[in-house]
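Visitor: Got a predicted structure here, sequence first:
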Amino acid sequence: MTTFKPTRVLGAALIGLAMIGSANPAHADVKDYEFQLVEPTVRTGPNAVITVRLMNKTTGRPVPDAVIFATRLDMAPDGMQEMATSVTPMPGGEPGTYRFSANVSMAGGWRLSLGAKVQGETGTVESKLVIRAQ
């Protein structure tokens with residue numbers, strides 16, 4: 001006949017609980033990130049520079065090294081979404097800051113649409129920011 005020793009059973013139970021607790025580490029969600037305009041206005045012209053910052057809303061810190069793969073700039077805020085222009089990435093400045101060059105051909109409201117992947121996160125951070133061109 002086999003007997004159980006309470007200390008061994010308790011030890012095994014504690015090890016099992018420790019393994020279960022560490023199996024699902026907490027991760028942020030893509031909803032915890034947002035793009036913010038550094039300057040809400042730009043000058044019209046062929047080399048307008050638009051600077052955005054990607055922020056982690058839970059920590060309040062900028063997020064460096066994101067991979068921005070989708071960009072679009074159009075005049076949707078003024079009802080002219082068909083009026084779009086190309087957006088070219090530029091070298092950034094501070095960590096978490098991303099710069100783009102665009103041909104902003106006329107004054108008015110422009111919508112910058114961005115899609116990015118954050119390292120270590122699943123899903124895509126998507127944002128639509130409104131810029132005023134003067």
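Guide: Structure received.
Visitor: Could you list the paired strands of the top strand by length along the chain along with their orientation?
Guide: Once the chain is assigned using DSSP state E, the strand that runs over the most residues is strand 45-56. According to DSSP bridges, the neighbouring strands of strand 45-56, each with its direction, are strand 33-37 (antiparallel), strand 61-62 (antiparallel), strand 97-104 (antiparallel).
Visitor: If you average the pLDDT over the last one, what comes out?
Guide: Meaning strand 97-104. For strand 97-104, the mean per-residue pLDDT is 96.
Visitor: What angle do strand 33-37 and the next helix-or-strand element following it make with each other?
Guide: With elements assigned by DSSP states H and E, the helix or strand that comes after strand 97-104 is strand 108-117. Put simply, strand 108-117 runs at 150 degrees to strand 33-37, going by axes from the mean of the first three to the mean of the last three CA atoms, to 10 degrees.
Visitor: buried residues in strand 108-117?
Guide: By neighbour count, with 16 or more other CB atoms under 10 Å as the criterion, the buried positions of strand 108-117 are 108, 110-114, 116-117. Glycine gets a C-beta too; all of them are placed from N, C-alpha and C.
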